[in-house]
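Asks: here you go, sequence then predicted model.
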Amino acid sequence: MSLQSPRRVGAGRFIARCPAHDDKSPSLSITQAGNHVLFYCHAGCTQSELIDIFRGNGLWQPVRSQKRYFSDDELDFMLHFCLVWNSSIRRGKDVSERDTEKMSSYVRVLSEFDKRRYTIVEDDAYGR
Ligand SMILES: [Zn+2]
């Protein structure tokens, strides 16, 4: 799979048909911002749906953390942050985009560096 009918609409800005839903007209905005690429689906697909799709198709290359080691305190902080985020979602509380970005980068770190804490977050997120 690749992005369908991508079209440049400005400096570092593209639109394409969204791969996460049956998209008849391009509703996916892609913006390059420094080292980051931001996706936004105007039909309402969430960042995590999009990232799942892109990751599944090898289009999403996670930025590998520069750091190789994290202290237990740092890992605990990330674990706690993710659990609080999960619980906000469960209770239908609004979460800011900034917190969601933080949470996804913490999850990425945990999945790379700390399988045990990562499993706790996943189990919590999926209610296992
Ligand atoms: Zn979409």
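Replies: In hand now; what should we look at? These numbers come from a predicted model, not from an experiment. Numbering: from 1, shown residues only.

Asks: and the gap between the closest residue in space to residue 82 that isn't next to it in sequence and residue 128?
Replies: Beyond its immediate neighbours in the sequence, the residue positioned closest to residue 82 (C-beta to C-beta, 6 or more residues apart in numbering) is residue 121, lying 4.5 Å away. Using the backbone N, CA and C atoms, a C-beta is placed for each residue, glycine as well. Taking C-beta to C-beta, to the nearest Å as the measure, residue 121 and residue 128 are separated by 11 Å.

Asks: quick one, which of these two is more surrounded?
Replies: Under the neighbour definition other C-beta atoms under 10 Å, residue 121 and residue 128 were set side by side, and residue 121 has more, 23 against 7.

Asks: return the residues in contact with that one.
Replies: By C-beta atoms under 8 Å, 6 or more residues apart in numbering, residue 121 lies in contact with 79, 82, 83, 86, 107, 110.

Asks: buried sites along the lengthiest helix in the chain?
Replies: Ordering each helix of the chain by length in residues (DSSP state H) puts helix 72-90 first. Neighbour counts over helix 72-90 (16 or more other C-beta atoms under 10 Å) mark 75, 78, 79, 81, 82, 83, 85, 86, 88 as buried.

Asks: and which of the residues you listed is nearest residue 29?
Replies: residue 85 (24.5 Å; C-beta to C-beta).

Asks: that closest one - nearest residue in space that isn't next to it in sequence?
Replies: Once its chain neighbours are removed from consideration, residue 85 has its nearest residue in residue 103; the separation is 4.3 Å (C-beta to C-beta, 6+ apart).

Asks: that neighbour falls within a helix, correct?
Replies: Yes - counting by DSSP: H, G, I helix; E, B strand; the rest coil, one finds residue 103 located in a helix.

Asks: now for it: which residues touch it?
Replies: The neighbourhood of residue 103, defined by C-beta under 8 Å, 6+ apart, consists of 81, 82, 85, 95.

Asks: the longest helix of the chain - contacts with which helices or strands?
Replies: helix 97-113, helix 115-125 (3 or more C-beta pairs under 8 Å, 6 or more residues apart in numbering; DSSP states H and E).

Asks: quick one: buried residues of the host helix or strand of residue 54?
Replies: Residue 54 is located in helix 47-56, with elements delineated by DSSP states H and E. By neighbour count on 16+ other C-beta under 10 Å, the buried set for helix 47-56 is 49, 50, 51, 53, 54.

Asks: no further questions, thank you.
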